[in-house]
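Visitor: Here is the input, now give the coordinates:
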Amino acid sequence: MNIRIASLLAGQIVVFGILVSAQDTGKTAPPRKDVGLKADAKKTPARKVRREPGLDGQQQNITSRYKKFEKKLLQLAEFLRDNDAERAELLKRAYGQSRDDNISNNLDRITALLSGEQRLGDAVGAQADVVANLQSLLILLQSDDLKDSLKQEQERVKDLLKNLRSVIGKHKRARTGNDRGEAADQVARRQAEAEKKTRDLVKKIDRQDAEKKDGKSKDRESKDGKSKDGESK
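Guide: Here you go, the predicted model:
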C-alpha cells in the first residue's frame, strides 16, 4: 500500500513540475527600450507566445486529486491500525505533516491565483513551496524498510523526472527565443515542440498508472480464481 501511495505522490510532484514550467513559458517579456543610436530605428512590436490554456482548470483537478489522496492517508491508517500498527502510525504522521504544511489550502490558493492573468508569478512561487512540501512528504512515506520493493518505482520516477527536465528545457528555450525577439514562426515552432513534450509526458504518466491498475486487477482476479478452485475441491 505504501508503494501505491508513494507512486501517487511522486506523480503529483511531476505534474506540478509540468505546470510550473508551462506557467513560466506562458509569460511574455516586456518590450525592451532602445537607447543611443538605436532610438531612431523602427521598433519591432513585441512578439507574444500563446499562454498555455486552462492552467487554473488543471490546477483545480490536481487540488481535488490531492485532497482525495490526503483523505486516503487517514482511511488507510485506520484500516491498518489493528494489523500493521507501525505502518498505520507512519500514515498518520504523513497525514499530520500534510495538514501542518497546509498543503490543501495552499493548493486552493494557487488555483485562485491562476484564475488571474496578473498573478502567474505568485502562483509559480507558491507551487514551488508546495512541491518542496510534497517531496518532504514523499521522503516520510518511504522511510520504512521498503527499499527493495520501492526500487522499481524509484527508477520509474527517475525516468519521469528525466523527461520532465527535457520538457522544462524546451519551454525555457521557447521563452528565451521570445525574449530575444527571434522570428515568430521559429518561436511558435519551439513552443509547439515544448507543448507536445508536455502532452507526451502526461500521457506516459497516465499510461503507466493505468497499466499498474490493470496489473493489480489481474492479480486480484487470479487470486480469486485460485480461491474458488480450492473451495470447489
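Visitor: what mean pLDDT does stretch 153-168 have?
Guide: Average pLDDT, stretch 153-168: 77.
Visitor: and that stretch, which residues are buried?
Guide: The neighbour-count check on stretch 153-168 (16 or more other CB atoms under 10 Å) flags Glu153, Arg156, Val157, Leu160, Asn163, Leu164, Val167, Ile168 as buried. Every residue, glycine included, has its C-beta placed from N, CA and C.
Visitor: With stretch 102-115 instead?
Guide: Applying 16+ other CB under 10 Å to stretch 102-115 flags Ile103, Ser104, Asn106, Leu107, Arg109, Ile110, Thr111, Leu113, Leu114 as buried.
Visitor: got it, and stretch 201-209?
Guide: If you call a residue buried by 16+ other CB under 10 Å, then stretch 201-209 has these buried ones: Leu201, Ile205.
Visitor: Please apply the same query to stretch 71-90.
Guide: Neighbour-count burial for stretch 71-90 flags Lys72, Leu73, Leu74, Leu76, Ala77, Leu80, Arg87, Ala88, Leu90 (criterion: 16+ other CB under 10 Å).
Visitor: Looking at those, which is nearest Leu201?
Guide: Comparing the buried residues of stretch 71-90 against Leu201 with CB to CB places Lys72 closest, at 24.5 Å.
Visitor: what does the model give the closest one for pLDDT?
Guide: Looking at Lys72, the pLDDT reads 85.
Visitor: Please report how far it lies from Arg109.
Guide: To Arg109, Lys72 is 22 Å away according to CB to CB, to the nearest Å.
Visitor: Please apply the same query to Asn102.
Guide: Here Asn102 is placed at a distance of 9 Å from Arg109 (CB to CB).
Visitor: name the helices or strands packed onto the helix or strand containing Gln135?
Guide: Element membership of Gln135, judged by DSSP states H and E, is helix 120-141. In this structure, helix 120-141 makes packing contacts with helix 2-26, helix 85-100, helix 103-114, judged by 3 or more CB pairs under 8 Å, 6 or more residues apart in numbering; DSSP states H and E.
Visitor: which other helices and strands contact the helix or strand following the first one?
Guide: For helix 2-26, the following helix or strand on the C-terminal side (DSSP H and E) is helix 55-80. On a contact count with 3+ CB pairs under 8 Å, 6+ apart, helix 55-80 meets helix 2-26, helix 85-100, helix 103-114.
Visitor: Repeat the analysis, applying 10 Å as the threshold.
Guide: helix 2-26, helix 85-100, helix 103-114, helix 120-141 (3 or more CB pairs under 10 Å, 6 or more residues apart in numbering; DSSP states H and E).
Visitor: among those helices, which gets the worst mean confidence?
Guide: helix 2-26 - the lowest mean pLDDT of these, at a mean of 57.
Visitor: and Asp82, what are its phi and psi?
Guide: For Asp82, the backbone dihedrals are phi -80, psi -40 (criterion: degrees, to the nearest 10).
Visitor: Quick check: neighbours shared by Asn102 and Arg109?
Guide: The contact sets of Asn102 and Arg109 overlap at Val130 (CB atoms under 10 Å, 6 or more residues apart in numbering).
Visitor: What separation is there between Asp129 and Ser104?
Guide: 13 Å.
Visitor: Same check on Arg199?
Guide: 27 Å.
Visitor: go on, Gln191?
Guide: 33 Å.
Visitor: quick one: contacts for Lys196?
Guide: Contacts of Lys196 by CB under 10 Å, 6+ apart are Val167, Lys170.
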